[in-house]
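how would this look folded up:
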Amino acid sequence: VQLQASGGGLVQAGGSLRVSCAASGRTFSNYAVGWFRQAPGKEREFVAAISRSGATTDYADSVKGRFTISRDNAKNTVVLQMDSLKPEDTAVYYCAARSGMAVTHLNLYDFWGQGTLVTVSS
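Numbers count the residues shown, from 1 in each chain. As a prediction, the model looks like this:
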């Protein structure tokens, strides 16, 4: 499956941004999807994940209550809605897919998008 992340940009602290992951190539509903991010000089970290049906979601503690992950299998799209953004949310955001359960470990994802930059100014 091919993944294309989009929607990044510059936003002020406290603002909102929505990043999307569009999939193509295979039956999208067969794949769990995760969002990860990598800030300059830091390792890539888990942000959120959603199961194949969308019934189950998981979030990193740092974004819980502020970010919401959702999917539309008919449109082959996963969206990460980010509210109450903080400067520490600044990073390149990547979506990834795997043909199993939604998990937090990035090494367990098989397919990756190219990333989209989110910058939160203070």
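
tell me, how many residues neighbour residue 56?
As a burial measure, residue 56 scores 12 neighbours (other CB atoms under 10 Å). Placement of C-beta: from N, CA and C, glycine included.

my guess is it contacts residue 102. True?
Yes: in this structure residue 56 lies within contact range of residue 102 using CB atoms under 8 Å: 6.2 Å.

joint contacts of those two?
residue 50 (CB atoms under 8 Å, 6 or more residues apart in numbering).

quick one: residue 86 and residue 120 touch, right?
Yes: assessed by CB under 8 Å, residue 86 is found in contact with residue 120 at 6.1 Å.

neighbour count: these two, which is higher?
Taking other CB under 10 Å, residue 86 and residue 120 do not tie; residue 120 has more neighbours (19 against 14).

any idea how far residue 14 is from the more buried one?
Using CB to CB, to the nearest Å, residue 120 is found at 9 Å from residue 14.

need the overlap of contacts for those two.
Joint contacts of residue 120 and residue 14 (CB under 8 Å, 6+ apart) are residue 85.
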